[in-house]
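Engineer: here is a sequence with its predicted model. Questions after.
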Amino acid sequence: MAKKQVNPNPSSKLEWFEDRLPIISFMKAELVDYPAPKNLNYAWNFGSLAGVALILQILTGFFLTMHYKADASLAFDSIQHIMRDVNWGWLIRNLHMVGASFFFIVVYMHIGRGLYYGSYKSPREILWGMGVVIFFLMMATAFLGYVLPWGQMSFWGAQVITNLISVIPFVGEDIVIWIWGGYGVNDATLTRFYSLHFLLPFVILGVVFLHMWALHNRKVKSNNPTGIDLKKDTDFVPFHPYYTVKDSFGLAVYMLPFLFMVFYMPDYLGHTDNYIPADPMTTPAHIVPEWYFLPFYAILRAINFNILFLDSKLLGVIAMVASIAILFFLPKLDKSKVRSARFRPIYKVMFWVFIANFFFLGWLGAKPAEAPYTQLSQIATALYFSFFFALPWVAKIEKTKPLPTSI
Amino acid sequence: MAEKVSKKDNVDHGKRDFLSGTTKVFGAAGAACACYPFIKSMSPSAKVEAQKYTEVDLSEIAEGDTKKVIWRGKAVFVKHRTQSEIDLAKAGDKTVSIDPQTDADRVQRPQWLVTIAHCTHLGCVPIDGSLENWACPCHGSQFDVSGRVVKGPAPKNLEIPPYTFIDDTTIKIG
């Protein structure tokens, strides 16, 4: 291979620059010319919407940092300062607050799309795994952010979630004290949570870049609604203008409910208890996590029995973490050669049952920990996991419909 | 040494492996040492450690009442138990099964119950009931008048902090 060298007589300033840093040709290749399957439906809009939601969170968050005070004695009042005194502060905070919820909505839709069309299967295992990493990071970031207003829900949410770590055998208690920087959730905890809440979105941005890299890899590329491998050049269209237009339209549709919530019901998805300053002496009567954690919270609470020497507390935490971590193993568990649920009659039914059950778990997560909700949570948790464990077996017995040879 | 030098590429591979191996080991050890101050900076500071004691004036807690105090950032219940509550706690010695412990092991003086006010499940503060027990609002654990768990998910009884009676009306927690 001949060594590439810069052109000593560039025909333009652009060529001179591109020879030294080929960023413009890179952007053109990935954002303009990227060959996208021509049959992508609206389910494929949620990836770019999630990207927009992330950027919006970073931007609004950055402006909030200029007014927020990460100090246990000042934090609560600084939120009121943002809401009442800072010019347009109410708008920036509402965008950030509602934006977090909408970020989860589009990411859940994006994950659901991947599940339905088998986007996690070869050759997209790493792409999928990076997505699960992003989901974990998002959950951590959202949790840390929710602590910052330092209301009652912030404080007790932090108390409960950090206590989850105490189940780690032997060192758990010491790790929790280390995370708190004290013997309970305190000022040191708030300050470091603020610091991490600032850092993690940029870590997410980095993993999103890897996620996109794995997607744009010309050996991988986008999945499509039929799930079949596309071989002909005519199966693809350039990303711009076809999907820039389609994504822009999707964005406009997304903005309608989003901005409606921002302007007319910004607190609808929050909890009124968080407008009471944090009180380390009193736990509110009903503590409930943010809506996007409810299905996993229901799984945590469903385990209220011991198995052998493992107590319910440890098992609950294991079940909750496993309910998300199991997504990493999806490419291994689902051995069916056919990707799209369109051609998988059994999987298609399983998928919709799984989705309905996920909503059911979310509903249960908001209910008190008592009969019959605990028993229903146990059934729904069993159903949640059986979806995954049934997959290897389903792949064996399922009669898939004939696949088209091209789109 | 000379005979160990590879004829093929004129390199002493044994020496090279030893040097690269020791460089990796010492480099990793150095990196680990450099991490220590940063990790340790997140632990409770000396100032926090210094706030080890909380004194409680018992004279202002009427019989049957519970006072909540803060000790090292944790809430602590100081309960002035009535005779019927003491009897109830003693009766419970036989029935508690999740984390069996006698009431006598949990108190220094029967009329004073001093216990950490955080549920041993995930740390919420149980609601101080006028009933005979505490109920955790988060996940429904229940504790008896001796702070022993009578209903899960909490795996253990409410913790007893170290405390001493300075005199009949003052205790020092810590």
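Structural biologist: In hand now; what should we look at?
Engineer: quick one, domains of the chain?
Structural biologist: Since you didn't name a chain, this refers to chain A. By the assignment in automatic domain parsing, chain A contains the domains A:30-282, A:288-407.
Engineer: my bad, chain B
Structural biologist: Looking at automatic domain parsing, the domains of chain B come to B:2-40, B:49-173.
Engineer: of these, flag the one that's most buried.
Structural biologist: With neighbours taken as mean count of other Cβ atoms under 10 Å in any protein chain shown, the domains of chain B reach their highest mean count in domain B:49-173, at a mean of 18. Glycine gets a C-beta too; all of them are placed from N, C-alpha and C.
Engineer: mind giving me TSV with the domains of chain B and columns for distance to A:L54?
Structural biologist: Below are the domains of chain B laid out as TSV (distance: least, Cβ to Cβ, whole Å):
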stretch	distance to A:L54
domain B:2-40	28
domain B:49-173	30
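Engineer: nearest to chain A, out of the ones you listed?
Structural biologist: domain B:49-173 (3.5 Å; Cβ to the nearest Cβ).
Engineer: show the end-to-end separation of the closest one, please.
Structural biologist: 14 Å (Cα to Cα, to the nearest Å).
Engineer: that one close to chain A?
Structural biologist: Yes. Applying Cβ under 8 Å from any Cβ of the partner chain, one finds domain B:49-173 touching chain A at B:68, B:70, B:72-75, B:117-118, B:121-127, B:136-140, B:152-155.
Engineer: mind checking which of the domains of chain A is nearest B:S84?
Structural biologist: Closest of these to B:S84 is domain A:30-282, at 26.3 Å (criterion: Cβ to Cβ).
Engineer: confirm for me that B:V125 is in contact with A:A285.
Structural biologist: No. Contact criterion Cβ atoms under 8 Å: B:V125 and A:A285 do not qualify, at 11.2 Å.
Engineer: the longest helix belonging to chain A close to chain B?
Structural biologist: In chain A, assigned by DSSP state H, the helix with the most residues is helix A:187-216. Yes. Using Cβ under 8 Å from any Cβ, helix A:187-216 reaches chain B at A:188, A:192.
Engineer: starting at the chain centroid, how far to that helix?
Structural biologist: Offset of helix A:187-216 from its chain centre (Cα atoms, centre = their mean, to the nearest Å): 12 Å.
Engineer: can you redo the domains of chain B as TSV with mean pLDDT?
Structural biologist: Below are the domains of chain B laid out as TSV (pLDDT from 0 to 100):
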stretch	mean pLDDT
domain B:2-40	89
domain B:49-173	85
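Engineer: can you say which of these is nearest to A:E18?
Structural biologist: Nearest of those (Cβ to Cβ): domain B:2-40, 38.4 Å.
Engineer: roughly how far is that closest one from the heart of the chain?
Structural biologist: The answer for domain B:2-40 is 43 Å, by Cα atoms, centre = their mean.
Engineer: now do the strands in chain A.
Structural biologist: A:35-37, A:236-238 (DSSP state E).
Engineer: about what we covered before: what pLDDT, on average, does the longest helix of chain A get?
Structural biologist: Averaging pLDDT along helix A:187-216 yields 97.
Engineer: which parts of it are buried?
Structural biologist: A:187-194, A:196-198, A:200-201, A:204, A:207-208, A:211, A:214-216 (16 or more other Cβ atoms under 10 Å in any protein chain shown).
Engineer: list the helices and strands it packs on?
Structural biologist: With contacts taken as 3 or more Cβ pairs under 8 Å, 6 or more residues apart in numbering or on different chains; DSSP states H and E, helix A:187-216 sits against helix A:46-65, helix A:125-147, helix A:152-164, helix A:172-180.
Engineer: nearest to B:V145, of the domains of chain A?
Structural biologist: So among those, domain A:30-282 is nearest, using Cβ to Cβ, at 20.0 Å.
Engineer: and the residue of the stretch 51-200 of chain A nearest chain B?
Structural biologist: Taking Cβ to the nearest Cβ, the stretch 51-200 of chain A has A:G184 as its residue nearest chain B, at 3.5 Å.
Engineer: contacts only, for that residue.
Structural biologist: If you count contacts by Cβ atoms under 8 Å, 6 or more residues apart in numbering or on different chains, A:G184 has them with A:159, A:280, B:72-75, B:118.
Engineer: what of A:R84?
Structural biologist: Applying Cβ under 8 Å, 6+ apart to A:R84 gives the contacts A:W90.
Engineer: and the strands in chain B?
Structural biologist: Under the criterion DSSP E, strands of chain B are mapped to B:54-57, B:66-71, B:74-80, B:112-116, B:134-135, B:142-143, B:149-151, B:163-167, B:170-173.
Engineer: nearest to A:S386, of the ones you listed?
Structural biologist: When the strands of chain B are compared by Cβ to Cβ, strand B:149-151 sits nearest A:S386, at 28.9 Å.
Engineer: list the contacts of that closest one.
Structural biologist: B:92, B:95-96, B:98-99, B:120, B:133, B:140-144, B:155-158.
Engineer: contact partners for residue 154?
Structural biologist: You didn't pick a chain, so chain A it is. Contact partners of A:S154, counting by Cβ under 8 Å, 6+ apart, are A:146-148, A:274, A:278.
Engineer: wrong chain, I was asking about chain B
Structural biologist: A:313, B:98, B:119-121, B:136, B:139, B:141, B:143.
Engineer: residues near A:N45, how many?
Structural biologist: Counted with other Cβ atoms under 10 Å in any protein chain shown, the neighbours of A:N45 add up to 23.
Engineer: how close does the nearest residue to it once chain neighbours are set aside get to A:Y42?
Structural biologist: Nearest residue to A:N45, sequence neighbours excluded (Cβ to Cβ, 6 or more residues apart in numbering or on different chains): A:G250, at 3.6 Å. Distance, A:G250 to A:Y42, using Cβ to Cβ, to the nearest Å: 7 Å.
Engineer: now swap in A:L391 and tell me
Structural biologist: 26 Å.
Engineer: which one of these two is surrounded by more residues?
Structural biologist: Set side by side, A:L391 and A:Y42 show more neighbours around A:L391, with 18 against 12, by other Cβ under 10 Å.
Engineer: distance of the more buried one from A:K231?
Structural biologist: In terms of Cβ to Cβ, A:L391 sits 27 Å off from A:K231.
Engineer: list the contacts of residue 58.
Structural biologist: Using chain A here. A:201-202, A:205.
Engineer: hmm, I had chain B in mind actually
Structural biologist: So B:L58 contacts B:78, B:80, B:112, B:168-171 (Cβ under 8 Å, 6+ apart).
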